[in-house]
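In: Here is a sequence together with a model predicted from it:
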Amino acid sequence: VGGKLKAAGEVGAGTAETVESRILVFVRLRPMSRKEKEAGSRSCVKIVNRKEVSLTEFASENDYLRLKRVRDSQFCFDSVFPDSTTQAEVYSTSTADLVEGVLQGRNGTVFCYGATGAGKTYTMLGTMENPGVMVLAINDLFSKVTQRNYSIKLSYLEIYNETVRDLLSPGSPLNLREDKQQGTVAAGLTQRSVYSTDEVMELLQKGNKNRTTEPTRVNETSSRSHAVLQVVVEYRSLDGTNLKRVGKLSLIDLAGSERALATDQRTLRSIEGANINRSLLALSSCINALVEGKKHIPYRNSKLTQLLKDSLGGSCNTVMIANISPSHLSFGETQNTLHWADRAKEIKTKTQTTANEEVLDQPDSETAVLVLELQRENC
Ligand code: ADP
Ligand code: MG
């Protein structure tokens, strides 16, 4: 069905109206774990105020049990979440506005960055008792979308070892391709319509079980896999104007950002290690190129950056949540995470101010079915 495109993403007709803006960057500190306490951890992270965090470097003195303060570094972000922050608070500060935008036909992306064990999956997926951003976002959508002419569809994929896999119906690897209107899409990816929060949690937990597992010492599951949830919200007018509005929300649980460190199977894992570095390295090169205002941004260097292209440099509202542990034993990883989070603040993006809206020449099949159903009900 042909139609007049009023506005689309950057990759589309190029008619989306945008204002210059930047990625919003939040830092979430998780509580000290029992294991960290037992290992004699000292806290090296201090939340100074709602926006500032300080990181202390310690060095052991002659007697290695005594730690000496070496230096403090201060960082400033859009918000810093102390370890007492609830999942609902993280959601409402970081993501609720994006959900509002998606309902109005704009695109949004949230990604969690940090070392393995820093709290990315807890923040994104959470637990049954404490559901995370993915579940709270969809819950919020359900509560705001009461009319029948909205549809909510989910897809959930993994990038592991530079291979894209469908987490909702595992099978052969998927290819990425460029779509004029939708940007980068995984060809043949399952899209599931969803109707309730319970269904969503079940679907996501099942999907997470399909994430690639690797019995290494560092983590039992998927520290090298990136999980991407896409929620597409479609609105269709049923008053004969044939207006279709589409908003896409991408929620991403990135692989652990630590360098391929201590695993028991270093050699076995070296190929995968190189690839995981490829995706996260490519992400850092893209961040650097964007911050430096380079003309060429190397999105094509990895699957992850191909998928994130719109979110980093296109017209999308983007949020980064950097997850950190408080323990001085993770100082290096925390410093690395705060460094990249600090750098990401400098990325200039274009915030979309208009909707992805299309006026179809005639109703498409889904609209036609809806109109028929409503007519039948009204008889
Ligand atoms: P990652 O996905 O970054 O590897 P996880 O999200 O799996 O890390 O977190 C590691 C452990 O810490 C898990 O047991 C998780 O439940 C716990 N955890 C993480 N963040 C929090 C938090 N904010 N509050 C309570 N427990 C947390
Ligand atoms: Mg995880």
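Out: Nice, I can see it. Ligands and ions are numbered 1, 2, ... in the order given.
In: So, low pLDDT: which residues of this protein?
Out: When residues are selected by pLDDT under 70, those of the chain lie in 1-16, 18, 62-65, 214-222, 259-277, 314-315, 349-352.
In: Could you list the residues of it in contact with ligand 1?
Out: Counting by Cβ under 6 Å from any ligand atom, the residues of the chain lying close to ligand 1 are 30-31, 33, 114, 116-122, 256, 323. C-beta here means a position set from N, CA and C on the backbone, and glycine is covered the same way.
In: repeat that for 8 Å
Out: Residues of the chain found near ligand 1 (Cβ under 8 Å from any ligand atom) are 28-31, 33, 83, 85, 87, 112, 114-125, 127, 130, 219, 223, 253, 256, 323.
In: For PyMOL, write a command that selects the buried ones of the residues you listed.
Out: Selection of buried members from those for PyMOL, criterion 16 or more other Cβ atoms under 10 Å:
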select buried, resi 28+29+30+83+85+87+112+114+115+116+117+118+119+120+121+122+123+124+125+223+253+256+323
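In: how about the strands of the stretch 201-350 of the chain, start to end?
Out: Counting by DSSP state E, counting those that start in this stretch, the segments of the stretch 201-350 of the chain that form strands are 226-236, 243-253, 317-324, 348-352.
In: can these go into TSV with extra columns for distance to residue 292?
Out: Listed next are the strands of the stretch 201-350 of the chain as TSV, based on distance: least, Cβ to Cβ, whole Å:
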stretch	distance to residue 292
strand 226-236	25
strand 243-253	24
strand 317-324	18
strand 348-352	11
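In: The residues of the chain next to ligand 1 in strands, which ones?
Out: Members of the residues of the chain next to ligand 1 lying in strands (criterion: DSSP state E): 28, 29, 112, 253, 323.
In: still on that earlier bit, hey, which of the strands of the stretch 201-350 of the chain is tucked in deepest?
Out: Scoring those by mean neighbour count under mean count of other Cβ atoms under 10 Å gives strand 317-324 as the most buried, with a mean of 26.
In: Could you tell me which strands sit next to that one in the sheet, and their orientation?
Out: The pairing partners recorded for strand 317-324 under DSSP bridges are strand 24-29 (parallel), strand 108-113 (parallel).
In: leaving aside the residues next to it on the chain, what's closest to residue 284?
Out: residue 340 (6.5 Å; Cβ to Cβ, 6 or more residues apart in numbering).
In: Please list all residues in contact with that neighbour.
Out: 113, 257, 284, 287, 322 (Cβ atoms under 8 Å, 6 or more residues apart in numbering).
In: among these, which two are most distant?
Out: 284 and 322 (13.3 Å; Cβ to Cβ).
In: quick check: angle from the helix or strand where residue 97 lies to strand 24-29?
Out: Using DSSP states H and E, residue 97 maps to helix 96-103. Angle of helix 96-103 versus strand 24-29, following axes from the mean of the first three to the mean of the last three Cα atoms, to 10 degrees, is 140 degrees.
In: Flag every buried residue along helix 96-103.
Out: 98, 99, 100, 101, 102, 103.
In: Show me the helices in this protein, by range?
Out: For the chain, the helices defined by DSSP state H occupy 34-38, 87-94, 96-103, 120-124, 133-144, 197-209, 270-291, 303-313, 331-344, 365-378.
In: Distance to residue 182 added to the ones you listed, as JSON lines?
Out: Below are these laid out as JSON lines (distance: least, Cβ to Cβ, whole Å):
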{"stretch": "helix 34-38", "distance to residue 182": "43"}
{"stretch": "helix 87-94", "distance to residue 182": "24"}
{"stretch": "helix 96-103", "distance to residue 182": "14"}
{"stretch": "helix 120-124", "distance to residue 182": "23"}
{"stretch": "helix 133-144", "distance to residue 182": "19"}
{"stretch": "helix 197-209", "distance to residue 182": "21"}
{"stretch": "helix 270-291", "distance to residue 182": "20"}
{"stretch": "helix 303-313", "distance to residue 182": "9"}
{"stretch": "helix 331-344", "distance to residue 182": "24"}
{"stretch": "helix 365-378", "distance to residue 182": "16"}
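In: Among those helices, which comes closest to residue 151?
Out: helix 365-378 (7.4 Å).
In: That closest one versus strand 243-253: what angle between them?
Out: 110 degrees.
In: C-alpha coordinates for helix 365-378, CSV please?
Out: The C-alpha trace of helix 365-378 is given here as CSV (Å, rounded to 0.1, in the frame of the first residue of the first chain):
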residue,chain,number,x,y,z
SER,A,365,-5.2,-5.6,6.2
GLU,A,366,-4.8,-5.2,9.9
THR,A,367,-6.8,-2.0,9.9
ALA,A,368,-9.5,-3.5,7.7
VAL,A,369,-9.9,-6.5,10.1
LEU,A,370,-10.2,-4.1,13.1
VAL,A,371,-12.8,-2.0,11.3
LEU,A,372,-14.8,-5.1,10.4
GLU,A,373,-14.7,-6.4,14.0
LEU,A,374,-15.8,-3.1,15.4
GLN,A,375,-18.7,-2.8,12.9
ARG,A,376,-19.8,-6.3,13.8
GLU,A,377,-19.7,-5.5,17.5
ASN,A,378,-21.7,-2.3,17.0
